[in-house]
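J.: got a predicted structure here, sequence first:
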Amino acid sequence: MADSHGKPDTIAAAVDLFKSKACLYMYHLGDICDSGYPETVESCVSILTANNVTAVKGNNDHAISTNHPGGKISKETIGYLSALPLVAEYGEALFTHSLPFAEKLGLSCMIRGMGKNEATFFFKEHPGKILFRGHGHSPEIISKEGGKIAVRRILPGDNTDLAGRFPCIITCGSLTEGFCMIWKPDEKSVKCYSI
């Protein structure tokens, strides 16, 4: 899941879906909160921590942790947001908000877009990996087809076969638009859901 933008009900709905599908791990790919809605930060973070959701930092999460210390948001929650990594890894997957190049780009990796140059660089640097990202609000897959970069939209209900598509990049879509995804590594597939 990604880009809940301060809407705790969408996080709760995604967590419920993941639990109903017996997902072993849950990830939030940033913009948990929204800098325009600091009043919902505590609720959003508490759902993630109560359900052992691993999260990475999005630009809105960074803005909240930087601009709201000592305010209405608890020190624990500010500490949680501040400590979120820019990139997480699990097996053959990387998880980030926008781009996984934290060492090269620093904090700007949270806001830079994923274009063909960035995709080409990812494919070169991580030939056997899959990248799951947020930031882009529409679900899609970027892969190489016939030596060229191909971008394909993923619709709710689509079960996308990843066999033979590594490396690839999956944009999960935003919870604010009702999108989330379930990855089945053993089956080499990802399915888009509408919540």
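T.: Yes, it's here. Keep in mind it's a predicted model, so treat the numbers as computed, not measured.
J.: all contacts plus neighbour counts: C-alpha atoms, from now on.
T.: Will do.
J.: regarding residue 6, which helix or strand does it belong to?
T.: Using DSSP states H and E, residue 6 maps to neither a helix nor a strand.
J.: ok, residue 86 - contacts?
T.: For residue 86, the contact set (C-alpha atoms under 8 Å, 6 or more residues apart in numbering) comprises 56, 57, 58, 96, 97, 100, 102, 107, 109, 110.
J.: wasn't residue 18 part of a helix?
T.: Yes - Residue 18: assigned to a helix according to DSSP: H, G, I helix; E, B strand; the rest coil.
J.: against residue 53, how distant is it?
T.: Residue 18 is 11 Å from residue 53, where distance means C-alpha to C-alpha, to the nearest Å.
J.: ok, those two, which is more surrounded?
T.: Taking other C-alpha atoms under 10 Å, residue 18 and residue 53 do not tie; residue 18 has more neighbours (18 against 15).
J.: quick check: pLDDT value at that one.
T.: In this model, residue 18 is scored at 98, pLDDT.
J.: quick check: phi and psi at the residue nearest the centre of the chain.
T.: In the chain, the centroid-proximal residue (C-alpha atoms, centre = their mean) is residue 29; its distance is 2.2 Å. The phi and psi torsions at residue 29 (degrees, to the nearest 10) take the values phi -100, psi 40.
J.: what helix or strand is the residue lying closest to it once chain neighbours are set aside located in?
T.: In space, and not counting its chain neighbours, residue 29 is closest to residue 2: 4.6 Å by C-alpha to C-alpha, 6 or more residues apart in numbering. Following DSSP H and E, one finds residue 2 outside all helices and strands.
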